[in-house]
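Peer 1: Requesting a structural model of the entry that follows:
(chains A and B)
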There are 2 protein chains.
Amino acid sequence: MKDVKILLSEDEMPRHWYNIQADMPNKPLPPLHPGTKQPVGPQDLAPLFPMELIKQEVSQDPWIEIPDEVRDIYRQWRPSPLFRARRLEKLLDTPAKIYYKYEGVSPSGSHKTNTAVAQAYYNKQEGVKRITTETGAGQWGTALSIACQMFGIECEVYMVRISFEQKPYRKALMNAFGAKVFSSPTNLTNAGRHILATDPNTAGSLGIAISEAIEMAVQDEHTKYALGSVLNHVLMHQTIIGQECLLQLEKAGDYPDIVIAPLGGGSNFAGMAFPFLRHNLVDGKQTRCIAVEPASCPKLTQGEFRYDFGDSAGYTPLLPMYTLGHNFRPAAIHAGGLRYHGASVLCSQLLKDGLIEANALQQLECFEAGIQFAKAEGIIPAPEANHAVAQAIREAKLCKESGESKTILFNLCGHGHLDLQAYNDYFDGKLQDHYLTEEELKGSLKELADYPPVA
Amino acid sequence: MKDVKILLSEDEMPRHWYNIQADMPNKPLPPLHPGTKQPVGPQDLAPLFPMELIKQEVSQDPWIEIPDEVRDIYRQWRPSPLFRARRLEKLLDTPAKIYYKYEGVSPSGSHKTNTAVAQAYYNKQEGVKRITTETGAGQWGTALSIACQMFGIECEVYMVRISFEQKPYRKALMNAFGAKVFSSPTNLTNAGRHILATDPNTAGSLGIAISEAIEMAVQDEHTKYALGSVLNHVLMHQTIIGQECLLQLEKAGDYPDIVIAPLGGGSNFAGMAFPFLRHNLVDGKQTRCIAVEPASCPKLTQGEFRYDFGDSAGYTPLLPMYTLGHNFRPAAIHAGGLRYHGASVLCSQLLKDGLIEANALQQLECFEAGIQFAKAEGIIPAPEANHAVAQAIREAKLCKESGESKTILFNLCGHGHLDLQAYNDYFDGKLQDHYLTEEELKGSLKELADYPPVA
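Peer 2: Next up is the predicted model:
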């Protein structure tokens, strides 16, 4: 059982991010201003983001150089290891070869740090003193906390109240990394005060937390806002994952037939899949790229492709995407990072064009898969990552039936050390699958009738 | 800021454990049977341990080959990375070079997995079907859980009741790795039933949990017991840590002036320091090896060198060691792995002979150091590891004062992802330093008056 992990030296770390916009057969439709219904321009976004990130958002260059200062921080945990899951293969008695990329080695324990460091860097370059953001489950807030710390930027995290109370350990980690963490809604913002006045016992929501973070950012010229997924530049910063996999698989003398990653907003999937999609688009490779979403929040498999807001409160531009409607309320499954109503513009366009696949899985299958994986490989996955594990196991079992020795690669996007309550709930039989009714599915889409069509 | 981490390939992983008994100028005194006061023989230990481990316990060979099956599992996370703490150096503005070995990459999140895998392997070789053990904070129980899982051995963990209740996430992790976890005392053993009858609300103790694990092991010929520190073979299994450091520092063109590790039972410190001590003993090197203990449990700096039991209940042989007395009750500091009354026989003899140093630190200094480290390096250390971090920072500050560019190496023995409550308590001002009174220090030693002298 040799070569269970395939490592790269620091010198082999990719020097560019890959921008898939350059190679897409159909370019993404523009975001629209919700008032004018016209495409938004750079100045519309300038109060929130540094100009370099706004440029990256619309760039058509295939390769964007990773600044040395960002690579210097990446060196702490990158290149991340690629593992051949030999024990899992044996357990499944499959002829398939299963590889997994492990992003849990990063300071935040997930892939989120890749874009957090890049965003903090560009903010620092443009003199930003403070960055605000929201966080739900806490992975993104943790990642931005340590990234800001490393560049000497203040970080304020608005954490959804119910998560703040249920997950005190995420707060401790963000505090240790130097961030201020607030239970949202707060009394610090108009948005927060308005909610507290009308519903003092609110559990909070990502939509409210986003509103608070944005409101704090626009008040101060030295403060900007950061988002952990969905936007084009965020997805691009994650492509270092798939690029490293290409190099690592080359060392192993292999190339994937199937690439799998979870999809919440889209950056996890994009980071793993886009570099392989490039070879599909440019070199005629035929790797199947599968985005896995929770069955309780199935925008890719049961949502509609249309213009919708990126946040619940309706502060963002209108984005052309697969969506369940921005007021869709996903069930409280234990995979907070995947409980988002829409898919990023880039992933949505690629799905519409038939260039990627999507599948929706129930949470009990995902937890069962995660535990099978933990026993075989010794790593307890984050609940989000379990969606990729479960899909990989499905594909490996199909290989056993057909006798094919396919090569399967998936993104183990994070460890589950801060999600062990979810595993306790699973062991105690407290978790359930969720089946949506037609009414639930279509309800929040009706509100979007007046928005511009995507055609 | 290049080469922040120094990696080895799987082929460079050491092929032997180092047995310091071969090179010690004064061999350790023998363990004594508490009844006969005569040295214990292999047959006294046979009901508890497989014969190969009993042989390792008394071996005088300097090198013991690591079996291929053990190395195959080590490959999952070994060789572990060595980091140059360049950001911490910069923060401290010190001319010292600081390196840290990171054992948090292992499946249990700590160095404990190194011996757990070895012990599970030798038990499997001798047909053992089930292993019992105790755990306090949970690192050792977690490590043995995954090791047993990988060799198809049942694992039963007796977890001190107060930890079982305060740390439900450790239980979830052990369950995910396939172990049965019991809140100790249980109704399953005579020892447990006796305690429950007299003190139903007991918080439990490591001593009780050991008694239960031993009682379950001796009842069944296919069941053995495993210990996570203190014993000679356990310390030896950890020496792969220091050996890897030797190779990694050679790649960096460096050699340490100071080596630092926490000391609870001794395996953490031994694993890091013994390979460097070998060069002190054999090649005339002069590396200072510093064991760091908590000021609230100061066996090395304030205990006495004498025969004492290894456990509270008095079931083990009498061991010649630095001890505070086996009934010493350390304060409830947040570093459960260091709350042990004695130091391993090997570490004790080396300290007595002046070949290693010891220092005791208060917990507030340790947590402050851990947070300073987390902000600089992006890793939140286990509270046990903070003791090494704090000592390293002390030495680096001395270098700043003297202008010397010493090379400091310490063992970052585990991450703190499952210890974040301790950090929350620190941030909330709930943690205190502990100063022992002379009475507390000497009280539990008085009971040992009748035991044989060490002279």
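Peer 1: Which residue is the nearest non-sequential neighbour of the spatially most distant residue from the centre of chain A?
Peer 2: Relative to the centre of chain A, and counting by Cα atoms, centre = their mean, the farthest-placed residue is A:G403 at 33.5 Å. Leaving aside its sequence neighbours, A:G403 sits nearest to A:P95 (Cβ to Cβ, 6 or more residues apart in numbering or on different chains; 6.3 Å). Just so you know, the C-beta spots here come from the backbone N, C-alpha and C atoms, and that holds for glycine as well.
Peer 1: Let me see the contact set for that neighbour.
Peer 2: A:399-400, A:403-405 (Cβ atoms under 8 Å, 6 or more residues apart in numbering or on different chains).
Peer 1: From A:L398, how far out is it?
Peer 2: Separation of A:P95 from A:L398 (Cβ to Cβ, to the nearest Å) stands at 11 Å.
Peer 1: ok so, going back, pLDDT score assigned to the residue farthest from the centre of chain A?
Peer 2: On the pLDDT scale, A:G403 is placed at 97.
Peer 1: For A:F49, which residues are in contact?
Peer 2: Applying Cβ under 8 Å, 6+ apart, the residues near A:F49 are A:57, A:224-226.
Peer 1: could you redo the residues you listed as TSV and give each row secondary structure?
Peer 2: Formatted as TSV, the contacts of A:F49 follow (DSSP: H, G, I helix; E, B strand; the rest coil):
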residue	secondary structure
A:E57	helix
A:K224	strand
A:Y225	strand
A:A226	coil
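Peer 1: Name the strands paired with the strand or helix carrying A:C155 and say parallel or antiparallel.
Peer 2: A:C155 belongs to strand A:154-160 when assigned by DSSP states H and E. Next to strand A:154-160 in the sheet, as set by DSSP bridges, lie strand A:130-135 (parallel), strand A:180-184 (parallel).
Peer 1: Grab the nearest non-local neighbour of the residue of the stretch 101-250 of chain A found nearest chain B.
Peer 2: Minimum separation of the stretch 101-250 of chain A from chain B (Cβ to the nearest Cβ) falls at A:P107, amounting to 3.3 Å. What sits nearest to A:P107 in space, not counting adjacent residues and going by Cβ to Cβ, 6+ apart, is B:G378, at 3.3 Å.
Peer 1: Could you show which parts of the stretch 351-455 of chain A are in contact with chain B?
Peer 2: Applying Cβ under 8 Å from any Cβ of the partner chain, we find that the stretch 351-455 of chain A lies next to chain B at A:370-371, A:374-375, A:377-380, A:415, A:417-418, A:420-421, A:423-424, A:427.
Peer 1: how close does the spatially closest residue to A:K406 that is not a sequence neighbour sit to chain B?
Peer 2: Nearest non-adjacent residue to A:K406, counting by Cβ to Cβ, 6+ apart: A:D257, 4.3 Å away. Separation of A:D257 from chain B (Cβ to the nearest Cβ, to the nearest Å): 25 Å.
Peer 1: quick one: A:D257 from A:A392, how far?
Peer 2: From A:D257 to A:A392 the distance is 12 Å (Cβ to Cβ).
Peer 1: wouldn't A:I162 be in contact with A:G204 here?
Peer 2: Yes. With contact defined as Cβ atoms under 8 Å, A:I162 counts as touching A:G204 (5.9 Å).
Peer 1: Of the two, which one has the most company?
Peer 2: A:G204 (25 against 16; other Cβ atoms under 10 Å in any protein chain shown).
Peer 1: The more buried one: what's its closest spatial neighbour, skipping adjacent residues?
Peer 2: Closest to A:G204 by Cβ to Cβ, 6+ apart is A:R161, at 3.4 Å.
Peer 1: can you pull the contacts of that neighbour?
Peer 2: A:183-185, A:202-204 are the contacts of A:R161 under Cβ under 8 Å, 6+ apart.
Peer 1: swap the cut-off to 6 Å and go again
Peer 2: By Cβ atoms under 6 Å, 6 or more residues apart in numbering or on different chains, the residues touching A:R161 are A:183-184, A:203-204.
Peer 1: Same question for A:S163.
Peer 2: A:G136.
Peer 1: what helix or strand is it on?
Peer 2: helix A:161-166.
Peer 1: out of the strands paired with strand A:154-160, deepest packed?
Peer 2: Compared across those, strand A:130-135 shows the largest average neighbour count, a mean of 27 (mean count of other Cβ atoms under 10 Å in any protein chain shown).
Peer 1: I'd like the mean pLDDT over that one, please.
Peer 2: Per-residue scores along strand A:130-135 average to 96.
Peer 1: mind checking how far the helix-or-strand element of chain A with minimal mean pLDDT is from the chain centre?
Peer 2: Least confident helix or strand of chain A, by mean pLDDT, DSSP states H and E, is helix A:438-446 with a mean of 83. Centre-to-centre, helix A:438-446 and its host chain are 24 Å apart (Cα atoms, centre = their mean, to the nearest Å).
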